[in-house]
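Participant: fold the following for me, if possible:
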Amino acid sequence: MLFNSYQFIFLFLPITFFIYFYLNKKKLTEASKGFLVLSSLFFYSWWNIVYLPLILISMLFNYVIGASLTKDKEHYKVSKKKLLTIGIVSNIALLGYFKYSDFFISNINFIAGSDILLLNLALPLAISFFTFQQIAYLVDSYKGETKEYDFLNYAVFVTFFPQLIAGPIVHHKEMMPQFANVKNMIVNYRNIILGLFIFSIGLFKKVIIADSFAVWATNGFDKAEYLTLIEAWATSLSYTFQLYFDFSGYTDMAIGIALLFNIKLPINFNSPYKATNIQDFWRRWHITLSRFLRDYIYIPLGGSRNGNFKTANNLMATFIVGGIWHGAGWTFIFWGFLHGSALVIHRVWSSYGFKLHAILGWIITFNFINISW
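Facilitator: Numbers count the residues shown, from 1 in each chain. The predicted structure follows:
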């Protein structure tokens, strides 16, 4: 059930909206949250009900670990650090099993000349997003930056259907207080108008712009036997714009839908193809992923605190992880390596005080982005 499908727009969304606010109007707050969780799980199950137990088990597991991490140390038989390690490793193992098993097996077969059968596992919907989201929650619980939420509130945070499938990657501290705010339980007509407007922009981006570019990109990459210079550039640029309008369109739709429920999701795109350097690009593209990579990988590795060489290593490691997160394949890893290298070069360039004219910087940055896609 896509955001641009008739079932979603004319059935699922209005039914969920009216029942949710009806329950709130009757002061049945817990029931309204429970209904929202069930609706979100129904939305998730529409794609493949087989993986419904997976998100439920993952959610319960992380809630128990997170709740344990918020308690005082004297309650522990296992130290907080070990408990956090167990939580993170378990989440990564789950993601790795479903997303990367066949990638590892195929590489072992190639290197060792073996013939191990591939598992051919279907990738569970949204596993990359809800895994990162819950890892962030565990780390923050370890740092004492979370409250001891009840399971229903935690379930709303993880499963809220607008952001469940493809983000933005939301943070508990920007979501939980909004669901607890009494004012957000009342129908807000201003938010409805804004939400529908933003949703319409996203829908236009996806259906009219992205899907049109997708046809040209597919014809060039998958069907054409020969491309002229102009056709090759048109194909390349079509794919670049398809990616942006598809993903940012989806995010706009998610932000608009959430606003109908008086929930403000974080901005995920800010005109990234206007960036005049690679650092600027990553401040504009998939902003919530950049935030996660910075806060939970780059800074824990040491960030920029330990000299240029260590900083360069930290940047490379962070973006290779980002590449792996995007998909199971050497092309994704190489894509992460390219962006890590570009950021290191930009950092060295900037450290010497060199600056490019904005237009030249934009031309170089945009073409690097286009080619790396």
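
Participant: what's near enough to touch F204?
Facilitator: By Cβ atoms under 8 Å, 6 or more residues apart in numbering, the contact list for F204 reads G249. In this view, the C-beta of every residue, glycine as well, is placed from N, C-alpha and C.

Participant: any idea how far L260 is from it?
Facilitator: 18 Å (Cβ to Cβ, to the nearest Å).

Participant: got the contact list for the residue nearest to R284 when sequence neighbours are not counted?
Facilitator: Distances taken as Cβ to Cβ, 6 or more residues apart in numbering put P272 closest to R284, at 3.9 Å, once the chain neighbours are dropped. With contacts defined as Cβ under 8 Å, 6+ apart, P272 is in contact with Y244, F281, R284, W285, I369.

Participant: let me know the closest of those residues to Y142.
Facilitator: W285 (28.9 Å; Cβ to Cβ).

Participant: distance-wise, check that closest one relative to I255.
Facilitator: 16 Å.

Participant: what about Q133, how many neighbours?
Facilitator: 25 (other Cβ atoms under 10 Å).

Participant: was I right about it contacting I169?
Facilitator: Yes - with contact defined as Cβ atoms under 8 Å, Q133 and I169 form a contacting pair (5.7 Å).

Participant: run through the chain and note the low-pLDDT ranges.
Facilitator: 72-77, 148 (pLDDT under 70).

Participant: go with 80
Facilitator: For the chain, applying pLDDT under 80 flags the ranges 1, 71-78, 147-149, 167.

Participant: quick one on the thing from earlier: so for W285 and I255, which sits in the more crowded spot?
Facilitator: More neighbours surround I255 than the other of W285 and I255, with 24 against 21 (other Cβ under 10 Å).

Participant: who are the packing partners of whichever helix or strand the more buried one is part of?
Facilitator: Using DSSP states H and E, I255 falls within helix 229-260. Helix 229-260 sits against helix 13-25, helix 161-164, helix 189-204, helix 211-218, helix 358-372, with contacts defined as 3 or more Cβ pairs under 8 Å, 6 or more residues apart in numbering; DSSP states H and E.

Participant: can you put those in TSV and add distance to N120?
Facilitator: Output for the helices and strands packed on helix 229-260, formatted as TSV (distance: least, Cβ to Cβ, whole Å):
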stretch	distance to N120
helix 13-25	34
helix 161-164	25
helix 189-204	33
helix 211-218	24
helix 358-372	29
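
Participant: do you know which of those lies nearest T331?
Facilitator: helix 358-372 (10.3 Å).

Participant: wait, doesn't W46 sit right on L11?
Facilitator: No - using Cβ under 8 Å as the test, W46 is too far from L11 to be in contact (11.2 Å).

Participant: tell me which of these two has more neighbours.
Facilitator: Higher neighbour count among W46 and L11: W46, with 15 against 12, using other Cβ under 10 Å.

Participant: show me what secondary structure element comes after the one helix or strand that one maps to.
Facilitator: According to DSSP H and E, W46 maps onto helix 29-47. Sequence-wise, the next helix or strand downstream of helix 29-47 (DSSP H and E) is helix 52-69.

Participant: any idea how far that following helix is from the chain center?
Facilitator: Relative to its parent chain, helix 52-69 has a centroid offset of 19 Å by Cα atoms, centre = their mean, to the nearest Å.

Participant: list the contacts of that helix.
Facilitator: Contacts for helix 52-69 (Cβ under 8 Å, 6+ apart): 41, 44-45, 75-76, 80, 83-84, 86-87, 90-91, 94, 124, 126-127, 130-131, 134, 137-138, 141-142, 146, 148-149, 151, 154-155, 158-159.

Participant: can you tell me the SS state at L119?
Facilitator: Three-state assignment for L119 (DSSP: H, G, I helix; E, B strand; the rest coil): coil.

Participant: dump the residue contacts of it.
Facilitator: S101, D102, I105.

Participant: the second one and A328 touch, don't they?
Facilitator: To tie it back to what came earlier, the one meant is D102. Yes - between D102 and A328 there is a contact at 7.0 Å, judged by Cβ under 8 Å.
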